[in-house]
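Asks: Need coordinates for the following:
(one chain, ligands or ions: 1)
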Amino acid sequence: MIISTYDPDRLHRSYGIDLGEIDMGAVEALGVGANWGRVAPAGRSDAHQHDETETFVIVQGHGDLVVDSGRRPVWSGMVIQFEPFETHHLENTGEDDLLFATFYWRDAPARSEGRTPAETAAHYSAEILATHKLMDIGVDHYTVSDQDAGYVDGVRDFFARVATSPFVSVADGDALFDGESGQYLYEVDVTGSCPTCGSATGGNMCEECGEPNFATDLVDPQATASTATPKHGRIARYSLALRELGPDVVAHHHMGRVPARVKELTDRLFRRERLDLAISHPSSWGVEPIDSPLDGQVIWVWADMAYRFLHGIEAVGREVGEDWRADSPDPDWKIVHFLGFDNTFYHAIFCPALYKLAYPDWTPDIDYNLNEFYLLDDDKFSTSRRHAVWGKDVLNPSTVDSLRFYLSWTRPEGRRTNFAWSRYEAFRDETLIATWQRWLTDLGERVESGYGGVAPDAGVWTPEHTAFLARLDGRLGELTTSLGQDGFSLNQAARALHGIVEDVVAFGQREQPVTGIGEWKDEARTALALELAAARLLANGAMPVMPRFATRLAACLGASPPATWPSTVTLVAPGTQIGLAGQTFFAVDTPPLQEWLVERVAEALQLPVDEVSLGSRLVGLGMTSLQAIAVQYQVLEKTGVDVTIEELLGERTIAQLAALLDAAGSATVEVPPA
Ligand SMILES: [Zn+2]
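Replies: Now for the predicted structure:
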């Protein structure tokens, strides 16, 4: 139970009257704000309207309530509820203070999932991190902004620096509101046609042409949450005159790796006469600026993001013993962004403009690596339409390498590409299983049968051998360029890796006829040593693309996991035990549910997997209900079983929970990810 008692000493001026916070954590967790309000005798509150629903409970005094120009008396004991956007104010007509409690809330986003914003954020944050792990993507630092001490203060300070710029002001501007509820509309709350290119778009950003919009300039706007025609209104927000920073952004684009497509978009945008962007918005979710005159507005999430990169750099610095400071960015930093084309404006234009305002003396050196759209069955991925491949459905230790390789092969670099499940499977079967794996296991068998399972020493070198070694050196050069900073291209890296295998398969076939002929045995062992050198190059070169495969391949060649990038192609040391025969590097099976559940529980609790045993109970491991919600979501999406929080945090062990899910899941229809 939480009790809040009216305290006249804890009031502050707001809306022309005295307001005091009602601190009710449980209420706030549901997205409801609460305040005490006091209107002094003969005083009145400022008329205001907002997009929240609001309820007044009058506890003392009497006065007049003026709503949309109608006036009626009110007195203690009355409860009044306002619809969003009803203009209202209170006048005290009595001789005592008029006291009331007010509760306000938005029927806003996250409602469609029936969860609070905090729960939704916690859920997706856990999901994203879990999918990264399943994908073997190591994350050095992962900012969970609402759980990171110092983050909120940091973003506020950053915004305060930005806000002192002469190009930033609190200004009245046109805004769009729901025609029924009066909810402020921006981002995903509104759709329409792009004012620039006419494509269907959401608020603030067109995915097709990459140009920002202001929601108010959408053609035929439509609120996501209602069918009423949106209406225009005026609202004060922090506003950035971005046009004024055009020359700074262009100068920034002379520094790092900036695709021509980014430069063209920038040129197009800064041809506009004005480009005034609201950088704060009415919302119950986000960080409020310091000393903001705008109640209920938060820093635009994209400005928040600009700071988040610097915050992340500081955090990484702490982990590696470097004194990097978010509030004092270093000119020596090389920052590399990876982003979808539809976010180009935010990453490559808006962020550097904010950096210029916040840190005028810093010259940020940033590379931008773009992904165009990656389609699924020739249509855009859409999580809301469930037109998607869910990482946790398809990623496991035996599939992750082939999926990573295929994604590298087909990454949308400079053009849209398409994923189709059947084409991926055909590629995996023909390329990775029938070509790579067949060569590697065949090589292992030849080492066993001809050399007792150990790497032979090279003998006599023919001109073809020397030429083949030079060719492998060429492949190493290709890989070095395509995985390096300046020429980064996963398409090219994947082709260079496959090129090694194609080269060595052809080389082996050419050399094969002399195998077993005594006269040529010294040449034959050189050829085999070169095939092993190619396998070793494949292990080293594949490490960034397929770390699991690369580690296993290296182990089969008697080496530890590749940790440094090779400068030359080298032979496997003669006498090394070779374990390639009979290995399966690429396959299609899935792990049992138990193992999967242990991994999800370990992630939710941020524990190493080996600290979570099948015999543990989740509550015994200290799992909170918020963490259990994340697990519950994952279980639902993985198995289709809606296990309750009570079941998760009850008496069952992880093994028993897995059995429960197995039994319940087998009763549901499995939809193959095709
Ligand atoms: Zn457009």
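Asks: When you work out contacts or count neighbours from here on, use the C-alpha atoms and nothing else.
Replies: Fine.
Asks: The residue sitting nearest the centre point of the chain sits in which helix or strand?
Replies: Residue closest to the mean C-alpha point of the chain, counted by Cα atoms, centre = their mean, is Ile128 at 6.4 Å. Using DSSP states H and E, Ile128 sits in helix 117-134.
Asks: tell me which strands and helices that helix is in contact with?
Replies: If you count contacts as 3 or more Cα pairs under 8 Å, 6 or more residues apart in numbering; DSSP states H and E, helix 117-134 packs onto helix 391-394, helix 593-605, helix 625-639.
Asks: The second one - contacts with which helices or strands?
Replies: What that stands for is helix 593-605. Counting by 3+ Cα pairs under 8 Å, 6+ apart, helix 593-605 packs on helix 117-134, helix 625-639, helix 654-666.
Asks: roughly how far is that helix from the heart of the chain?
Replies: In terms of Cα atoms, centre = their mean, to the nearest Å, the centre of helix 593-605 is set 21 Å apart from its chain centre.
Asks: pLDDT of it, averaged?
Replies: Average pLDDT, helix 593-605: 87.
Asks: now the last one
Replies: Per-residue pLDDT values across helix 625-639 average out to 88.
Asks: which other residues reach that helix?
Replies: The contact list for helix 625-639 (Cα atoms under 8 Å, 6 or more residues apart in numbering) reads 119, 122-123, 126-127, 392-393, 600-601, 604-605, 641-645, 648-649, 661, 665.
Asks: Give the PyMOL command for selecting the buried subset of those residues.
Replies: Applying 16 or more other Cα atoms under 10 Å to the contacts of helix 625-639, the buried members can be selected in PyMOL as follows:
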select buried, resi 119+122+123+126+127+392+600+601+604+605+641+643+648+649+661+665
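Asks: And the residue of the stretch 51-200 of the chain closest to the ion?
Replies: Cys197 (4.0 Å; Cα to the ion).
Asks: what's the answer for the stretch 301-450 of the chain, then?
Replies: Distances between the stretch 301-450 of the chain and the ion by Cα to the ion are smallest at Asp342, namely 10.0 Å.
Asks: Find the nearest non-adjacent residue to that residue, please.
Replies: Glu207 (4.6 Å; Cα to Cα, 6 or more residues apart in numbering).
Asks: ok, the residue of the stretch 501-650 of the chain at minimum distance from the ion - how many residues close by?
Replies: At 33.6 Å from the ion, Glu637 is the closest residue in the stretch 501-650 of the chain, using Cα to the ion. Per other Cα atoms under 10 Å, the neighbour tally for Glu637 reads 14.
Asks: Out of the helices and strands packed on helix 117-134, which is closest to Tyr238?
Replies: The minimum distance between Tyr238 and the helices and strands packed on helix 117-134 falls on helix 625-639, with 34.2 Å, by Cα to Cα.
Asks: what angle sits between the closest one and helix 117-134?
Replies: 50 degrees (axes from the mean of the first three to the mean of the last three Cα atoms, to 10 degrees).
Asks: about what we covered before: could you report the pLDDT at the residue nearest to Asp342?
Replies: pLDDT recorded at Glu207 is 93.
Asks: For my notes, confirm it occurs in a helix.
Replies: No: going by DSSP: H, G, I helix; E, B strand; the rest coil, the assignment for Glu207 is coil, not a helix.
Asks: separation between Asp46 and His88?
Replies: 8 Å (Cα to Cα, to the nearest Å).
Asks: the more surrounded of those two?
Replies: With neighbours defined as other Cα under 10 Å, Asp46 and His88 compare such that His88 has more, 19 against 15.
Asks: what's across from that one in the sheet?
Replies: Beta-bridge partners recorded for His88 (DSSP bridges): His48, Val67.
Asks: which SSE is Val572 in?
Replies: Counting by DSSP H and E, Val572 is part of no helix or strand.
Asks: for Gln222, that is, sorry about that
Replies: In this structure, Gln222 sits in strand 219-223 according to DSSP H and E.
Asks: ok, now which ones touch Leu661?
Replies: By Cα under 8 Å, 6+ apart, the contact set of Leu661 is 639, 641, 643.
Asks: To what extent is the first one buried, counted in neighbours?
Replies: Which is Thr639. Thr639: 19 surrounding residues under other Cα under 10 Å.
Asks: Poorly predicted segments of this structure, please.
Replies: Counting by pLDDT under 70, the low-confidence segments of the chain come to 1-2, 14-16, 23-31, 47-52, 68-69, 84-87, 106-113, 589-592, 663, 665-674.
Asks: How about the residues of it by the ion?
Replies: 194, 196-197, 206, 209 (Cα under 5 Å from the ion).
Asks: neighbours around Glu445, how many?
Replies: Neighbour tally, Glu445, other Cα under 10 Å: 19.
Asks: secondary structure element for it?
Replies: Using DSSP H and E, Glu445 sits in helix 438-451.
Asks: roughly how far is the next helix-or-strand element following that helix from the heart of the chain?
Replies: Going down the chain from helix 438-451, the next helix or strand is helix 463-482, by DSSP H and E. Its chain's C-alpha centre and that of helix 463-482 lie 37 Å apart, by Cα atoms, centre = their mean.
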